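*Asks:* Can you look at this prediction? I've put the sequence above it.
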Amino acid sequence: MAIFAALYGFIVYVFFLATFIYAIGFVGNLPLLPKTIDSGNAAPLVETLVVNLALLGLFAVQHSVMARRGFKRWWTAVIPESVERSTFVLAATAALALLLWQWRPIAEPVVWSVTDPAARLVLNGVFWLGWALLLISTFLINHFELFGLRQVWANLRGQALPTPTFHTPLFYRHVRHPIYLGFVLAFWATPQMTAGHLLFAAACTGYILIGIWFEERDLIAQFGDRYRVYRQQVGMLFPKIGARSHKGPAQP
């Protein structure tokens, strides 16, 4: 069974990686993609809003529920613990893929349109900076554990995973959630903000703020006063003005 679990985890990771790469192009309106946030077949406004909000809500609910510690305890009584994270990644990726596939563009009105070449270059640079910050941050806290590969590999080798530790590598010394900061930068940094893009960016940012609230409750339950002190000293998405970088023990 361990080899099948490892194969399952690897296939899920490849599915996630392909969907994630496509999502970057989707949000950035990169050319040659069959569908992006501002391209594709338009639909009546009411239908568009209902479908888009339902897609965003489905992703938010799935991600929030399955990420909670209580759900994980129940879920691992149903499926092997070694594939719990891979199954979460599969469900989240499937919800994201559905959103990318079924998203309806709303081209009008255009909220802002930047034409100055230098300003467009800056905004595009911030867009790519956001994705880079996000990706690097996943490796700082163990990319392969975050996406389930470490768990199935340890299971294949008959090893137990070490107890999660509390540490603040690099970006985590200055902001508590650099992964979410990367998303926010990538979602909002665009030379042309259409109504559809604004809906996507605003809804995702709102979900991020709600998700952080739930996530930090879990982190306090797991790490207690260590996380409370860290939360007091370090900004949530942006560094606290005048604060020194956190040197002590952050998220696993």
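*Replies:* Right, received. Where do you want to start?
*Asks:* doesn't Val111 make contact with Ala195?
*Replies:* Yes: the criterion here is CB atoms under 8 Å, and Ala195 meets it with Val111 at 6.6 Å. Just so you know, the C-beta spots here come from the backbone N, C-alpha and C atoms, and that holds for glycine as well.
*Asks:* higher neighbour count, those two?
*Replies:* Using other CB atoms under 10 Å as the criterion, Ala195 and Val111 rank with Ala195 on top: 18 against 12.
*Asks:* ok, that one - contacts?
*Replies:* 106-111 (CB atoms under 8 Å, 6 or more residues apart in numbering).
*Asks:* which residue packs closest to Leu55, ignoring adjacent ones?
*Replies:* Here the nearest residue to Leu55 in space, its sequence neighbours aside, is Leu99; by CB to CB, 6 or more residues apart in numbering that works out to 4.3 Å.
*Asks:* Now do the one you found against Val89, distance only.
*Replies:* Leu99 is 16 Å from Val89, where distance means CB to CB, to the nearest Å.
*Asks:* contacting residues for the nearest residue to Arg120 once chain neighbours are set aside?
*Replies:* Of all residues not flanking Arg120 in the chain, Pro191 sits nearest, at 4.4 Å (CB to CB, 6+ apart). Pro191 makes contact with 113-115, 119-120, 123-124, according to CB under 8 Å, 6+ apart.
*Asks:* what do you get if the cut-off is 7 Å, keeping everything else the same?
*Replies:* The contact partners of Pro191, by CB atoms under 7 Å, 6 or more residues apart in numbering, come to 114, 120, 123-124.
*Asks:* circling back: any idea which helix or strand carries the residue nearest to Leu55?
*Replies:* Using DSSP states H and E, Leu99 sits in helix 84-102.
*Asks:* what angle sits between the helix or strand containing Gly211 and helix 84-102?
*Replies:* Element membership for Gly211 (DSSP H and E) is helix 195-223. If you take axes from the mean of the first three to the mean of the last three CA atoms, to 10 degrees, helix 195-223 sits at 170 degrees to helix 84-102.
*Asks:* List the contacts of stretch 38-57.
*Replies:* The contact list for stretch 38-57 (CB under 7 Å, 6+ apart) reads 29, 98-99, 102-107, 194, 196-197, 199, 203.
*Asks:* In JSON lines: those, plus pLDDT, neighbour count and distance to Ala23.
*Replies:* Formatted as JSON lines, the contacts of stretch 38-57 follow (pLDDT from 0 to 100; neighbours: other CB atoms under 10 Å; distance: CB to CB, whole Å):
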{"residue": "Asn29", "pLDDT": "96", "neighbour count": "17", "distance to Ala23": "12"}
{"residue": "Leu98", "pLDDT": "97", "neighbour count": "13", "distance to Ala23": "12"}
{"residue": "Leu99", "pLDDT": "97", "neighbour count": "20", "distance to Ala23": "9"}
{"residue": "Gln102", "pLDDT": "96", "neighbour count": "13", "distance to Ala23": "14"}
{"residue": "Trp103", "pLDDT": "97", "neighbour count": "23", "distance to Ala23": "11"}
{"residue": "Arg104", "pLDDT": "96", "neighbour count": "19", "distance to Ala23": "17"}
{"residue": "Pro105", "pLDDT": "96", "neighbour count": "21", "distance to Ala23": "15"}
{"residue": "Ile106", "pLDDT": "95", "neighbour count": "21", "distance to Ala23": "18"}
{"residue": "Ala107", "pLDDT": "90", "neighbour count": "13", "distance to Ala23": "20"}
{"residue": "Thr194", "pLDDT": "97", "neighbour count": "21", "distance to Ala23": "17"}
{"residue": "Gly196", "pLDDT": "97", "neighbour count": "22", "distance to Ala23": "15"}
{"residue": "His197", "pLDDT": "98", "neighbour count": "23", "distance to Ala23": "14"}
{"residue": "Leu199", "pLDDT": "97", "neighbour count": "19", "distance to Ala23": "16"}
{"residue": "Ala203", "pLDDT": "97", "neighbour count": "18", "distance to Ala23": "15"}
